[in-house]
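**Student:** Let me see the structure of the following:
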Amino acid sequence: MTNTLRLAEQLIACPSVTPQDAGCQAILAQRLTALGFACETIESGPVEARVTNLWAKFKPKQPSAHADTAQAAIDSVAKKNKTLVFAGHTDVVPTGPLAAWHSPPFVPTHANGKLYGRGASDMKTSLAAMVVACEEFLAAHPHPALSIAFLVTSDEEGPATDGTVVVCQQLAARGETLDWAIVGEPTSIERTGDMIKNGRRGTLSGKLTIKGIQGHIAYPQLARNPIHLGLPALAELAAIQWDAGNAFFQPTSFQISNIHAGTGAGNVIPGTVVVDFNFRFCTESTDASLKQRLVSVLSRHELDYDLTWILGGQPFITPPGALVAAVQQAIAEETGITTELSTTGGTSDARFIARICPEVVECGPPNATIHQIDEHVVVADIEPLKNIYRRVLEGLNRL
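**Tutor:** Reported below is the predicted structural model:
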């Protein structure tokens with residue numbers, strides 16, 4: 001059993017259903033403290049749903065000879081060093097029905113070359129690989145030219161209001177400079193390293209309430225059917241090409257997810273219809289431009305409505321540069337794979353890190369079973385992932 005696999009099993013054994021951390025970060029902090037990281041716990045959120053965040057920053061060990069002078073020199077250099085952040089989350093989604101699992105979800109179990117357990121892929125294996133990669137790297141480079149940090153939260157699978165976003169706000173207030181970040185989200189498709197994310201689309205949700213007048217279905221002249229009133233506008237919105245996308249992103253997508261209306265009786269015209277919708281938008285559009293265009297359609301159709309918005313995250317992109325090149329090279333050297341850059345999929349905490357860090361990449365194991373019953377990771381994928389992270393450290397340390 002490798003150190004990475006052993007640590008992954010320790011983390012999987014913690015029942016950290018969001019927003020609970022269940023001791024995962026204490027395990028990580030113990031390993032990082034032994035390496036010379038200064039570890040800080042940042043809590044946020046209501047008492048009944050307390051979120052735990054870990055911020056850890058590597059401080060080189062002080063040489064024994066001429067300690068004060070040597071430490072001053074190290075501190076001076078450290079201020080100029082670029083910082084690589086390993087980021088991820090210890091929380092997992094609920095298990096679903098326990099009887100449907102072939103083995104208990106918080107008992108790490110091996111079968112057919114796979115490690116089973118909730119969080120095996122999303123994303124406790126990545127966290128284990130990051131820590132062990134740092135252990136190996138610092139054993140070979142005890143005084144690196146590179147600064148290293150960890151940002152770990154227990155609020156990624158939940159509302160994500162008290163996790164990474166809070167830590168990033170505090171780091172920005174302190175003037176902490178971040179240069180590169182690797183988020184351990186499960187980005188691969190078939191083999192570790194075959195796909196990484198160098199950006200994500202933004203997400204903008206809306207709840208539209210179209211108002212009419214309730215009445216008897218046999219006397220429509222005495223009522224105003226909000227469904228009938230709203231359908232032409234909704235059809236127009238669904239047909240709009242919001243933008244054409246670009247070299248990094250697919251075109252912006254508008255999707256209606258729910259339509260609610262009716263009183264439960266078949267002979268009543270409802271007084272309102274509620275429409276839930278979402279934009280997944282690229283850098284060719286902004287949340288402001290999308291709001292303005294949608295409202296203009298509603299106004300042109302002369303609808304009486306209420307509208308509320310939730311901006312879940314802005315789009316971000318990391319163009320090819322030092323970090324992308326280091327990750328691509330590490331993957332090629334470790335696996336022989338030419339990795340695919342992608343911005344597809346949902347959102348992740350990378351959207352918050354990108355506000356304070358110019359280069360952010362997501363790189364992790366295959367994602368075929370994330371959030372599913374019998375979530376697992378192929379054991380043969382674990383060590384290559386750790387080695388990729390270590391090679392990235394080595395590559396960036398040479399810059």
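**Student:** Name the secondary structure element that contains Phe279.
**Tutor:** Secondary structure assigned from DSSP states H and E places Phe279 in strand 272-281.
**Student:** which residues sit against the helix or strand following that strand?
**Tutor:** Using DSSP H and E, the next helix or strand after strand 272-281 towards the C-terminus is helix 287-300. Defining contact as C-beta atoms under 8 Å, 6 or more residues apart in numbering, one finds that helix 287-300 is touched by 202, 204, 206, 208, 233, 236-237, 240, 242, 252, 279, 281, 305, 307, 309, 311, 314. C-beta here means a position set from N, CA and C on the backbone, and glycine is covered the same way.
**Student:** One more pass at 7 Å, please.
**Tutor:** Gly202, Leu204, Ala233, Glu236, Leu237, Trp242, Phe279, Phe281, Tyr305, Trp309, Leu311 (C-beta atoms under 7 Å, 6 or more residues apart in numbering).
**Student:** Taking strand 272-281 as reference, get the angle to it.
**Tutor:** 150 degrees (axes from the mean of the first three to the mean of the last three C-alpha atoms, to 10 degrees).
**Student:** if we can go back for a sec, any of the contacts of helix 287-300 buried? List them.
**Tutor:** Burial by neighbour count, 16 or more other C-beta atoms under 10 Å: within those this picks out Gly202, Leu204, Ala233, Leu237, Trp242, Phe279, Phe281, Tyr305.
**Student:** all helices in the stretch 101-250 of the chain, in order from the N-terminus.
**Tutor:** 125-140, 164-174, 226-239 (DSSP state H, counting those that start in this stretch).
**Student:** Pop the domain breakdown of this protein in here.
**Tutor:** 3-200+315-397, 202-313 (automatic domain parsing).
**Student:** Please convert those to CSV, extending it with mean pLDDT.
**Tutor:** Listed next are the domains of the chain as CSV, based on pLDDT from 0 to 100:
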stretch, mean pLDDT
domain 3-200+315-397, 94
domain 202-313, 97
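**Student:** do you know how far the residue nearest the centre of the chain is from Thr95?
**Tutor:** Centroid-nearest residue in the chain, with C-alpha atoms, centre = their mean: Ser348, separated by 1.9 Å. Distance, Ser348 to Thr95, by C-beta to C-beta, to the nearest Å: 21 Å.
**Student:** ok, now Leu151?
**Tutor:** Leu151 is 26 Å from Thr95, by C-beta to C-beta.
**Student:** Comparing the two, which residue is more hemmed in?
**Tutor:** Between Leu151 and Thr95, Leu151 has the larger neighbour count (other C-beta atoms under 10 Å), namely 27 against 17.
**Student:** for the spatially closest residue to that one that is not a sequence neighbour, which residues make a bridge with it?
**Tutor:** What sits nearest to Leu151 in space, not counting adjacent residues and going by C-beta to C-beta, 6 or more residues apart in numbering, is Ala87, at 4.4 Å. Note on Ala87: beta-bridge partners by DSSP bridges are Leu151, Val183.
**Student:** pull the CA atoms of stretch 100-116 into CSV?
**Tutor:** In CSV, the C-alpha atoms belonging to stretch 100-116 read as follows (Å, rounded to 0.1, in the frame of the first residue of the first chain):
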residue,chain,number,x,y,z
ALA,A,100,-27.9,0.4,-2.7
TRP,A,101,-24.1,0.4,-2.0
HIS,A,102,-22.2,-2.8,-2.4
SER,A,103,-20.0,-1.8,0.5
PRO,A,104,-20.5,0.9,3.2
PRO,A,105,-19.7,4.3,1.7
PHE,A,106,-17.4,5.4,4.5
VAL,A,107,-15.5,2.1,4.7
PRO,A,108,-12.8,2.2,2.1
THR,A,109,-13.1,-1.0,0.2
HIS,A,110,-11.1,-2.7,-2.6
ALA,A,111,-12.6,-4.8,-5.4
ASN,A,112,-11.4,-5.5,-8.9
GLY,A,113,-8.6,-3.0,-8.7
LYS,A,114,-10.8,-0.1,-7.6
LEU,A,115,-11.1,1.8,-4.3
TYR,A,116,-14.7,2.3,-3.3
